[in-house]
Each structure stands twice: as structure tokens, then as C-alpha cells.
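K.L.:
The following block contains a protein sequence and its predicted model.
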Amino acid sequence: MNEHLRFEDGWKILEQGIVKCSKLLEDCPGGRPTVNEYMNYYDCAYRMAVQKDQYCQEMYNSYKATHESCVCAMVLPHLMHKQGDLFWRELVKMWSNYCAMIRFTTGFLAYLDRCFVTHKKLPSLEDAAATSFFSPVFSYFNNEISDVLLTLIRQERDGCNVDMDLLMGIMRGICRSEVKTKLKSAVIQDTYLYYSRKSYEWIVQYPLQDYLAKVQETVQKEMKRLIHYLCISEEEGSGLCLKAVSAPLMQAYENYTKEKHIGGQVLLQTYKTVEDDLLDRCSRLTIDNGLDNNSFSHME
Amino acid sequence: MEADKSGEGEKAGGKTISFRCSDGQAFHMPVAAAMLSTAIRKMFDKYPSIDHGGVIELPHQISSGIFPKVKEYCTKHAKVDDKGNPTVSTNTGAAAAASSSSTDDEEEDLKNWDKEFVNMEVKPLHDLLLVAHLLDIKGLFHITCRKVADMLKGKTSEEMRQILNIRNDFTEEEDKAIKEQNPWVFPDPE
């Protein structure tokens, strides 16, 4: 009974389990493996990982590939030809179903997470699964997904009523995946454009002293917002805030004072103090990756 | 196969989970005890109704000969009896402060119990270690590994082979070469 289990034979069993669970993507009732099927898959993965010729790396790679092919076959068709709110609702539903699916599939290969992934410093199975979902979704629907997320962030920023649980569920999922950098640059760029527009409204709307106070308040708020949305450290949040928020707002201030020939040195000095304070806080912070590990719990 | 007698009437106490070994023998374990296994705990998260009469079929590596030992360890460390009822009284308020020394005593007792628990032959110890690893029972894995390490401490390679029942598959030439390359490991017999 303890004979060597070849990768092809073992993976065939595990693949059956993953394919069975993938029915959860389409709300099919037969997607939940039974307790004993679950135990059988767990045992199969364990045996392949601890036998003399172990297949940890092969299982890890196949796990990612199988999940990605499930997403391509069963998620992407649901998102086709949809835009705006319709696209968003479908994306949320598919991600929620996918989270239900990977609750089981990560369980089958729990031994990999416990030993192999930790030892090799690889992304956890949940992180790898998030990449397997969002990588093809971004490849095919980059514009749609970026538009819908940036619109929702803008709406929330403007005080509109946004379902934060749903938004954060998706954002945290993306932040666990390798697509995070794409999203981060899109959010930063959009934030920059948003405050470039706002700066021209505010500079004529408020007296200069109030404008600078508004800048200070906005920088603080936006830093919290970026940290929250992008699951980043306070240090990184401060740095991004200087680029995406302070820069456009202060550019408008400088342009305005030059244009109006206002000797705004004193006011500018006030702002510099705020900026120096921010930079000082940056330098005193310790580095951590700022990742929130609860992205999947949101959707369960 | 006859079911584990200690399981009879357990449902009346705390909640229990039923397990069946590959030879068909069934065992009941209090949920609190089973939760010491990370693998079972994660499964329980996914199947919350597992304690309503379902039976978990255990992998073939877990024989009915060794599972009672696993159950004994988990039940002891979960501080529940066979029926799933707590064996340690939970004190509150002023009584809690007075009980801190008794908690230390309990810890000491448990350590001694663990030492006694792993006093067994190599074969069952090996089986127990494998089950602890498979089901991810950290405490049990730790004490079984420690016991094996203690058994091998200060032993020669030949003695280790005897303890672990490993056949020496080196040829005489290989053996000689290894000894020449690593003289510090093989001091001349006095």
C-alpha cells in the first residue's frame, strides 16, 4: 500500500478533485467534495510530497495551471460582452464562487503550504490561486476591470454610497496576486489625475491659507485610503501620497501664486513643514509588506 | 470490526467526531480533542456538520493499532474526557489568581505525562510520528521527534541502524572511504 505514487497517477486524482470543485464556479450543487473525498485528496497530495521521489514543485505548478485553466474555461465567458455595473456584479459573483472553490482545493494541498511553500518562500496556495484568477481576467478585461474599480474608488472618495465589503473583497484578492503592480500603478495614476482636476477647482474656491490646510487634510485622508485599498505599508503609502496627491495639489498652488504674482513664500513654507513631517514619519517607519491575509475571508 | 467501546453514549456529553481506520474499525473522539489536528480543524471549518453522524475515513497509514494512542494524546491535551466534557475546572475572579500555581503544576504533570506517553517500542513510535505529521498534530509531532532524537543521542551509526532497523547498504570499500574522509566522526576504538 505504501508503494511509490507516480506524479501522473497522483495528479490525475487531485485534478479530479479540483475539477469537481470548479463546479462551484457555476453554482452547481455537485461541486462540494464529500468529507471522505476531501480526506482522500489530502492523503494523495501528502503521499506525493513525502515519498522518496517527491513532487512538491510539480504539484504546486500544476495547481496554479489547473486553476488558471478553470478560470479561462468557466469565468471569462461569464464576463464577456459585459461592462460597467453588469461587469462588476458578474466579477464579484465569480470571485465569490472562486473563493468557495479554493477553500477546498487549498485544503487538498495543505501539506504544500505547511512545508514546501514556506521552505521555498513561494506565494501561498491562496496567493497563487488569486494570481490564477486575476491574471487571465486582467489579460482579457484590463480596461473593463480597471475602469470599474477606479470608478468605484472615485465614487467612494466623492462620498457616494459604495458597497465597501464587495470592493475590498476584490481589491484584497488582487493585492494577493501578481497583478497587484498593474492595479497599483492604475490607482496612483488615477489619483494623480483626480487631484490635478480638483486642484484647479480648489485653488479658486478657497483662500490660499485654507487651500494649504485642505491639502494637508487631503494628504492624510488619501494616505489612509491608499494603504487600505492597496494593502500596503504606511511607509509606502506616504511615498505614493507625495507623488499622487501632494505633487498635483502643490503644482497648482505654485502655478497660481506665480500667475497672480503672490509672494506665497510664507504659505509655501507652511506646506513644506507638513511635507517634511510626512517624510520624517516615512523614515522612522519599519518596512513590512503591509499585506492583509484576510482577503479570502471577505468572500466566504 | 467492533467499534470503539469508549464511544458509546459519547454524544450525550460534548460533540464528537467519528473516524474509521482502513481496517474498518471505528473510533469516536471529542471535537475539542480532534481540533488539535490542524488538518481535521481545517476540514471541520469546511464541513461544520461533520459531528452530526458523519464518519471520516482515515488514510491507510493510520492503523487501528495506533489511532487509540493518537486519541489518548489528543483527549489528554484538549483537557476533555472521553465524552467531550472538560476535565479542568475553569476558575474566575479571585479563584483564578489562586489557581495560577495549580496551572503550573498541571503543565508539569502534562510534561511528565508526555514523557511517559512516548515510552514505547520503535515501531509504534514511528507510526505515531507519521500520523502526527500527516494530521498535523504539532504537540504530538514535537514529542515523538524529541523521543527519537533522545534515542539516537550519542549512538554510533551502527547502533542507530539497529535502533531504526536500517540495513547497511554501503559496500566495504564505500564504508572505508567514508571513514577515511571523516576521521573525526569515527575515532579509533580505545
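P.N.:
Right, received. Where do you want to start? Residues are numbered from 1 along each chain as shown, chains lettered A, B, ... in the order given.

K.L.:
Quick one: name whatever helix or strand follows the worst-scoring helix or strand of chain B on mean pLDDT.
P.N.:
One helix or strand of chain B scores below all others by mean pLDDT, DSSP states H and E: helix B:94-98, with a mean of 55. Moving toward the C-terminus from helix B:94-98, the next helix or strand (DSSP states H and E) is helix B:100-117.

K.L.:
Can you give me the buried ones in the next helix-or-strand element following that following helix?
P.N.:
From helix B:100-117 onward toward the C-terminus, using DSSP H and E, the following helix or strand is helix B:122-134. Within helix B:122-134, the residues that count as buried by 16 or more other CB atoms under 10 Å in any protein chain shown are B:Leu125, B:His126, B:Asp127, B:Leu128, B:Leu129, B:Leu130, B:Val131, B:Ala132, B:His133, B:Leu134. To be clear about C-beta, it is placed using only N, CA and C from the backbone, and glycine gets the same treatment.

K.L.:
same question, stretch A:39-58
P.N.:
For stretch A:39-58, the neighbour count (16+ other CB under 10 Å) marks A:39-49, A:55-56 as buried.

K.L.:
Same question for stretch A:97-106.
P.N.:
For stretch A:97-106, by 16+ other CB under 10 Å, it's A:Asn97, A:Tyr98, A:Cys99, A:Ala100, A:Met101, A:Ile102, A:Arg103, A:Phe104, A:Thr105, A:Thr106.

K.L.:
Relative to A:Glu37, how far out is whichever residue of the stretch 1-150 of chain A sits closest to chain B?
P.N.:
The minimum distance from the stretch 1-150 of chain A to chain B, using CB to the nearest CB, falls at A:Asp43 (3.9 Å). To A:Glu37, A:Asp43 is 11 Å away according to CB to CB, to the nearest Å.

K.L.:
related to what we said a few turns ago, among the buried residues of stretch A:39-58, which are in helices?
P.N.:
A:Met39, A:Asn40, A:Tyr41, A:Tyr42, A:Asp43, A:Cys44, A:Ala45, A:Tyr46, A:Arg47, A:Met48, A:Ala49, A:Cys56 (DSSP state H).

K.L.:
is it true that the last one touches A:Leu112?
P.N.:
So the one you mean is A:Cys56. Yes - A:Cys56 is within contact range of A:Leu112, at 6.0 Å (criterion: CB atoms under 8 Å).

K.L.:
hey, where'd the helices end up in chain B?
P.N.:
Assigned by DSSP H, chain B shows helices spanning B:31-34, B:38-46, B:67-77, B:94-98, B:100-117, B:122-134, B:138-152, B:157-164, B:172-181.

K.L.:
Please tabulate these in a markdown table, including the columns distance to chain A.
P.N.:
Supplementary listing: these in a markdown table, determined by distance: least, CB to the nearest CB, whole Å:
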| stretch | distance to chain A |
| --- | --- |
| helix B:31-34 | 13 |
| helix B:38-46 | 6 |
| helix B:67-77 | 14 |
| helix B:94-98 | 32 |
| helix B:100-117 | 23 |
| helix B:122-134 | 6 |
| helix B:138-152 | 10 |
| helix B:157-164 | 16 |
| helix B:172-181 | 20 |
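
K.L.:
shouldn't A:Tyr55 be in contact with A:Phe7?
P.N.:
Yes - in this structure, A:Tyr55 is within contact of A:Phe7 by CB under 8 Å, at 4.5 Å.

K.L.:
what residues are shared contacts of those two?
P.N.:
A:Met48 (CB atoms under 8 Å, 6 or more residues apart in numbering or on different chains).

K.L.:
Could you tell me which residues make contact with whatever residue of chain B ends up closest to chain A?
P.N.:
Across chain B, the shortest distance to chain A (CB to the nearest CB) belongs to B:Pro59, at 3.9 Å. By CB under 8 Å, 6+ apart, the contact list for B:Pro59 reads A:Met39, A:Asn40, A:Tyr42, A:Asp43, A:Tyr46, B:Ser22, B:Leu134.

K.L.:
and it, how far is that from A:Glu126?
P.N.:
24 Å.

K.L.:
what packs against the helix or strand hosting A:Tyr63?
P.N.:
Following DSSP H and E, one finds A:Tyr63 within helix A:56-74. Secondary-structure packing of helix A:56-74 (3 or more CB pairs under 8 Å, 6 or more residues apart in numbering or on different chains; DSSP states H and E): helix A:7-22, helix A:35-50, helix A:84-108, helix A:125-157.

K.L.:
Next, format those as TSV and append mean pLDDT.
P.N.:
Shown next, in TSV, are those (pLDDT from 0 to 100):
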stretch	mean pLDDT
helix A:7-22	92
helix A:35-50	90
helix A:84-108	91
helix A:125-157	92
